[in-house]
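# got a structure for you, letters missing:
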């Protein structure tokens, strides 16, 4: 039996330095709820205003990930 693999991609999103912890929690929660998102990771120690999102490239695009983040942080960039 052949198992199909998902084409996974990663995108790094940079948040505005003034983004609050509440906003970051909402961003993480909302991203995790999106179909196609596999993982959402903040690196608090080295890059506190960046997150890495791994997603299924057949279900979601990097632009859609960025648009989701911009609902809480309009200054977010890839």
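Nice, thanks for sending it over. Here the structure is a predicted model, which is why all the values come from computation and not from measurement.
# Now for the residue most central in space within the chain: which residues touch it?
Here the mean C-alpha position of the chain is nearest to the C-alpha of residue 53 (C-alpha atoms, centre = their mean), at a distance of 3.7 Å. Going by C-beta atoms under 8 Å, 6 or more residues apart in numbering, residue 53 touches 10-11, 13, 31, 37, 39-41, 65. Backbone N, C-alpha and C define where each C-beta goes, glycine included.
# What's the ChimeraX line that selects buried ones from these?
Buried members of the contacts of residue 53, defined by 16 or more other C-beta atoms under 10 Å, are picked up in ChimeraX with:
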select :11,13,31,37,40,65
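# Check which helices and strands the helix ranked longest in the chain sits against.
Using DSSP state H, we find that the single longest helix of the chain is helix 21-33. Counting contacts by 3 or more C-beta pairs under 8 Å, 6 or more residues apart in numbering; DSSP states H and E, helix 21-33 is packed against strand 37-43, strand 47-56, helix 62-69.
# So for residue 19, which of these sits nearest?
Nearest to residue 19 among the helices and strands packed on helix 21-33 is strand 47-56 (6.7 Å), distances taken as C-beta to C-beta.
# So what are the sheet partners of the closest one and their directions?
strand 8-14 (antiparallel), strand 37-43 (antiparallel) (DSSP bridges).
# for the last one, what is the average pLDDT?
Here the mean pLDDT over strand 37-43 is 93, rounded to a whole number.
# quick one on the thing from earlier: so the residue nearest to the centre of the chain versus residue 20, what's the distance?
19 Å (C-beta to C-beta, to the nearest Å).
# cool, residue 11 as well?
Applying C-beta to C-beta to residue 11 and residue 20 gives a distance of 22 Å.
# ditto for residue 54
Plainly put, residue 54 is 24 Å away from residue 20 if you go by C-beta to C-beta.
# Compare those two (neighbour count), which wins?
Per other C-beta atoms under 10 Å, whichever of residue 54 and residue 20 has more neighbours is residue 54, with 15 against 11.
# Cool, thanks, signing off.
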